[in-house]
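Asker: need a 3D model of the sequence below.
(one chain, ligands or ions: 1)
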Amino acid sequence: MIGVSLSLTGLGKIIWALGVIAWYFIRRPAERRARRHRIISNQRSATDKFGLAAAIVGLGIVPGCFALTGFPHEAAYPARLPSLVLGAVVYAAAMWTFRRTHKELGKNWSISLEIREEHELIASGPYALVRHPMYTSFLLMAVGQALLLANWFVGLAGFVGFALLFFLRVDKEERMMLDFFGPRYGEYMQRTKRIIPYIY
Ligand code: SAH
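Answerer: Next up, the predicted model:
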């Protein structure tokens with residue numbers, strides 16, 4: 001009989017990998033759909049590209065490397081079951097939020113800062129609570145990653161990736177929306193928080 005032994009560290013890696021697969025299947029149709037709508041204003045900058053790259057490295061490449069090779073070995077620590085359970089719940093919440101934001105944004109979605117033809121201001125669903133629920137889902141991904149992958153460096157990398165994307169982008173994004181939508185976005189800003197409902 002073949003015995004299969006799976007360490008808790010391995011289990012955390014598998015749950016994380018399933019999360020990333022879910023991420024891909026949520027994102028891909030949005031990209032396809034958005035491509036059909038012309039971009040009329042583009043605020044893509046080197047800084048924004050850097051933030052995006054940092055998020056991909058911190059939330060994708062660094063944890064992916066750890067999942068496949070165990071690198072960096074020096075920063076590993078023993079995984080614990082409660083941490084994995086909580087991590088799975090948080091990562092699932094991240095993907096649920098991520099999916100809701102894509103459904104709600106629809107054709108207004110963009111990988112960077114862009115205004116599309118007939119861009120609509122979305123203020124419903126998760127956008128009724130916070131202005132940047134997709135970035136909320138990235139923060140939840142970072143928390144989930146830190147709980148699922150038993151490695152200090154990998155845990156930290158997720159937060160650094162999120163922070164670089166978020167803080168290099170959020171002011172510019174809000175300025176772009178204010179320029180385009182005027183006082184309507186100003187009013188929307190007054191009744192919503194940025195990423196954490198009722199707090200920030
Ligand atoms: N910051 C948002 C959206 C990220 S996608 C979030 O975290 O959920 C980035 C694109 O979404 C930007 O190019 C902008 O054009 C668009 N966008 C951001 N907020 C929006 C809103 N409330 N309504 C419509 N489009 C929005």
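Asker: could you export stretch 145-157 as PDB, CA atoms only?
Answerer: Extracted C-alpha coordinates of stretch 145-157, given in PDB (Å, rounded to 0.1, in the frame of the first residue of the first chain):
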ATOM      1  CA  GLN A 145      -0.900  34.200   2.500                       C
ATOM      2  CA  ALA A 146       0.800  35.000   5.800                       C
ATOM      3  CA  LEU A 147      -1.400  32.500   7.600                       C
ATOM      4  CA  LEU A 148      -1.200  29.700   5.000                       C
ATOM      5  CA  LEU A 149       2.500  29.800   4.200                       C
ATOM      6  CA  ALA A 150       4.800  29.000   7.100                       C
ATOM      7  CA  ASN A 151       7.600  31.400   6.200                       C
ATOM      8  CA  TRP A 152       8.300  34.800   7.700                       C
ATOM      9  CA  PHE A 153       9.800  36.300   4.500                       C
ATOM     10  CA  VAL A 154       6.900  35.100   2.300                       C
ATOM     11  CA  GLY A 155       4.400  36.400   4.800                       C
ATOM     12  CA  LEU A 156       6.000  39.800   4.800                       C
ATOM     13  CA  ALA A 157       6.400  39.900   1.100                       C
END
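Asker: to the chain's geometric centre, what's the distance from it?
Answerer: 16 Å (C-alpha atoms, centre = their mean, to the nearest Å).
Asker: same check, this time on stretch 83-90
Answerer: Computed by C-alpha atoms, centre = their mean, the separation of stretch 83-90 from the middle of its chain amounts to 17 Å.
Asker: show residues contacting it.
Answerer: Contact with stretch 83-90 is made by 8, 11-12, 15-16, 140, 143-148, 150, as judged by C-beta atoms under 8 Å, 6 or more residues apart in numbering. Yep, even glycine has a C-beta here, placed from its N, CA and C like the rest.
Asker: let's see 6 Å
Answerer: For stretch 83-90, the external contacting residues (C-beta atoms under 6 Å, 6 or more residues apart in numbering) are 12, 15, 140, 143-144, 147-148.
Asker: which two of those residues have the greatest separation?
Answerer: Farthest pair in the contacts of stretch 83-90 (C-beta to C-beta) is G12 and L140. Separation: 16.2 Å.
Asker: not counting sequence-adjacent ones, nearest residue to N42?
Answerer: Counting by C-beta to C-beta, 6 or more residues apart in numbering, N42 lies nearest to E114, which is 5.2 Å off, once chain neighbours are set aside.
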